[in-house]
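Visitor: This is a predicted model, with the sequence first.
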Amino acid sequence: MTTAIFYTSQCNHAKGVAKKISKAFDEIRIFDIAVTGSEYINDFKHIIFGVSTSNHGEMQKDWQKIWSDFKSIDFKGKTVAIFSLGDQVNYPDEFADAMKYVYDDLLKSGANIIGFTSTDSYNFNSSKAVIDDKFVGLVIDEVNQPHLTDKRIQDWADKIKEDLQHESS
């Protein structure tokens, strides 16, 4: 087994999204970092990180607890994708910002980052997680657009699987 999801969930939205993502993949493990911390991350070559943005652009508290350990992990040779939860109506000026913090550290550590997604069909003012008009991963808004969640996950998972197949070719 080479793929795992590591997430944390304050209101259980990220947990639900992680479970839906896992169903779109074969043989994928799910870890709640509030329970496991960063302990098992090095055991996997392909990793999906789930990070929620709390309050005004902050990383969720369980991510903050493991942040110093996370920043010391060498991601060279690992392929990583990120998903994030955000609320584009109540926090339109820092929508899904926390995903960018994870992205930046993964990039510094040499990770091959895949899974960028379009900003189309979202309505927000600003997001640190946007580079060249794309999110640095999948963004889910379970508060305002839950009807789009399943399709967004399936489309993203299909793209991730395709990218991973090309990687192994």
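Guide: It's in. Numbers count the residues shown, from 1 in each chain.
Visitor: How far away from the center of its chain is stretch 152-169?
Guide: Mean-position distance between stretch 152-169 and its chain equals 14 Å (CA atoms, centre = their mean, to the nearest Å).
Visitor: hmm, who's touching that stretch?
Guide: Identification of contacts with stretch 152-169 by CB atoms under 8 Å, 6 or more residues apart in numbering yields 3, 17, 20-21, 24-25, 46, 48, 79, 81, 83, 112, 114-115, 117, 138, 140. For the C-beta atoms, the positions are set from N, CA and C on the backbone; glycine is no exception.
Visitor: among these, which are in helices?
Guide: The helices in this structure, assigned by DSSP state H, contain 17, 20-21 from the contacts of stretch 152-169.
Visitor: And those residues, which is closest to Thr53?
Guide: Nearest to Thr53 out of the ones in helices among the contacts of stretch 152-169 is Val17 (CB to CB; 13.4 Å).
Visitor: Tell me how many other residues surround that closest one.
Guide: By other CB atoms under 10 Å, 24 other residues sit near Val17.
Visitor: ok, now Asp97?
Guide: For Asp97, the count of nearby residues is 23 (other CB under 10 Å).
Visitor: isn't it right up against Phe124?
Guide: No. Assessed by CB atoms under 8 Å, Asp97 is found out of contact with Phe124, at 10.3 Å.
Visitor: Between the two, which contacts overlap?
Guide: Counting by CB under 8 Å, 6+ apart, the common neighbours of Asp97 and Phe124 are Gly86.
Visitor: can you pull out the helices in this protein?
Guide: Ranges of helices in the chain, per DSSP H, are 13-23, 33-36, 61-71, 98-108, 149-168.
Visitor: With only the CA atoms kept, save the first one in PDB.
Guide: It stands for helix 13-23. Below are the C-alpha coordinates for helix 13-23, written out as PDB (Å, rounded to 0.1, in the frame of the first residue of the first chain):
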ATOM      1  CA  HIS A  13     -16.600  17.900   7.500                       C
ATOM      2  CA  ALA A  14     -13.000  17.000   6.600                       C
ATOM      3  CA  LYS A  15     -13.500  13.500   8.000                       C
ATOM      4  CA  GLY A  16     -16.500  13.000   5.700                       C
ATOM      5  CA  VAL A  17     -14.600  14.400   2.700                       C
ATOM      6  CA  ALA A  18     -11.600  12.100   3.500                       C
ATOM      7  CA  LYS A  19     -13.900   9.100   3.600                       C
ATOM      8  CA  LYS A  20     -15.400  10.100   0.300                       C
ATOM      9  CA  ILE A  21     -12.000  10.500  -1.300                       C
ATOM     10  CA  SER A  22     -10.800   7.200   0.100                       C
ATOM     11  CA  LYS A  23     -13.800   5.500  -1.600                       C
END
